[in-house]
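Participant: no FASTA, just this:
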Ligand code: NDP
């Protein structure tokens with residue numbers, strides 16, 4: 001379904017980003033991924049992409065470094081020939097008492113989640129053509145904060161709602177869509193389904209279960225595909241009912 005297309009997925013070395021990269025490759029896209037430190041794991045994901053018959057590329061790009069992000073877009077285009085799909089997924093999970101949050105925490109979190117997504121969308125927009133897709137990865141905590149300690153995280157993720165809507169308007173005239181996927185509790189190293197907070201998080205869901213990274217990847221793949229050509233500027237929540 002995505003044959004001949006090229007995707008760039010940030011934070012593709014593990015977790016949700018790796019699942020998205022694998023899924024887009026399985027649908028026929030060539031996929032570049034970025035990572036922060038996990039070069040070996042990024043290369044392993046690229047090996048899986050290649051095993052699926054697609055071309056793959058791993059690019060180190062610290063999300064606070066705007067120049068590195070722009071270079072990642074340019075390297076994707078120069079190596080894989082074009083860019084059709086951008087997935088802004090790389091993220092961190094700052095958590096703790098409000099009074100302990102430092103200005104450095106605020107700046108770093110907003111840089112990784114909000115500024116990086118803006119910079120990448122702007123850089124990608126120079127290359128995307130009719131049918132292009134931008135998918136941002138938010139969080140169900142942008143819609144409903146279920147417990148204390150998440151103010152900074154939810155601030156940075158809810159900003160993506162405005163980014164997504166603005167992009168939909170800016171790029172709609174060119175036939176490019178922009179959407180936001182809000183995962184709920186998803187079983188990754190960031191939030192293991194057997195971690196210390198897992199029982200409480202599961203209790204907030206309607207379905208009494210965590211999401212799997214593949215659940216998020218399936219929705220991203222739909223938004224990247226032709227069936228979603230008239231979905232833009234909106235948010236889709238994949239959270240087993242946490243926000244229900
Ligand atoms: P993981 O911690 O499993 O993976 C994070 C990914 O982001 C890795 O590829 C990591 O690279 C990359 N990354 C982290 N920091 C940076 C940085 N400074 N610069 C560049 N890349 C970076 O997280 P998840 O897969 O769980 O999360 C993916 C996205 O989904 C995030 O945006 C997160 O906020 C969101 N999300 C996750 C939920 C969950 O329950 N898991 C719930 C709601 C939203 P490296 O491997 O090199 O460190």
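Facilitator: The structure has been received and is ready for your questions. Please read all numbers here as calculations on a predicted model, not as lab measurements.

Participant: Only C-alpha atoms from now on, for both contacts and neighbour counts.
Facilitator: Will do.

Participant: what does the protein have sitting close to the ligand?
Facilitator: Within reach of the ligand by CA under 6 Å from any ligand atom, the chain has these residues: 11-17, 35-38, 61-63, 89-93, 112, 137-139, 183-191.

Participant: From those residues, list the buried ones, please.
Facilitator: 11-17, 35-36, 61-63, 89-91, 112, 137-139, 183-187, 191 (16 or more other CA atoms under 10 Å).

Participant: and for stretch 155-171, what are the contacting residues?
Facilitator: 109-110, 113-114, 118, 125, 136, 138-139, 141-143, 176-180, 232-235 (CA atoms under 8 Å, 6 or more residues apart in numbering).

Participant: and the gap between residue 8 and the ligand?
Facilitator: 13 Å (CA to the nearest ligand atom, to the nearest Å).

Participant: Run through the bridge partners of that residue.
Facilitator: Beta bridges link residue 8 to residue 32, residue 86, judged by DSSP bridges.

Participant: Pull the contacting residues for it.
Facilitator: Going by CA under 8 Å, 6+ apart, residue 8 touches 31-34, 73, 76, 83, 85-87.

Participant: Turn these into CSV, columns for pLDDT.
Facilitator: Formatted as CSV, the contacts of residue 8 follow (pLDDT from 0 to 100):
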residue, pLDDT
31, 98
32, 98
33, 98
34, 98
73, 98
76, 98
83, 98
85, 98
86, 99
87, 99
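
Participant: how about a markdown table for those, with neighbour count added?
Facilitator: Below are these laid out as a markdown table (neighbours: other CA atoms under 10 Å):
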| residue | neighbour count |
| --- | --- |
| 31 | 30 |
| 32 | 30 |
| 33 | 29 |
| 34 | 27 |
| 73 | 25 |
| 76 | 24 |
| 83 | 26 |
| 85 | 30 |
| 86 | 27 |
| 87 | 28 |
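
Participant: Relative to the ligand, which of these is nearest.
Facilitator: residue 34 (6.6 Å; CA to the nearest ligand atom).

Participant: In a strand, that closest one, correct?
Facilitator: Yes. Under DSSP: H, G, I helix; E, B strand; the rest coil, residue 34 sits within a strand.

Participant: Tell me which stretches of this protein form strands.
Facilitator: With strands called from DSSP state E, the chain shows them at 6-9, 30-35, 56-60, 85-88, 133-137, 177-183, 235-238.

Participant: residue closest to the middle of the protein?
Facilitator: residue 89 (2.1 Å; CA atoms, centre = their mean).

Participant: Can you tell me how far the residue nearest to residue 144 when sequence neighbours are not counted is from the ligand?
Facilitator: Distance criterion CA to CA, 6 or more residues apart in numbering; nearest residue to residue 144, sequence neighbours excluded, is residue 243 at 6.0 Å. From residue 243 over to the ligand the distance is 12 Å, taken as CA to the nearest ligand atom.

Participant: neighbours around the closest residue to residue 37 other than its chain neighbours, how many?
Facilitator: Closest residue in space to residue 37, ignoring its immediate chain neighbours: residue 60 at 7.4 Å, by CA to CA, 6+ apart. By other CA atoms under 10 Å, 18 other residues sit near residue 60.
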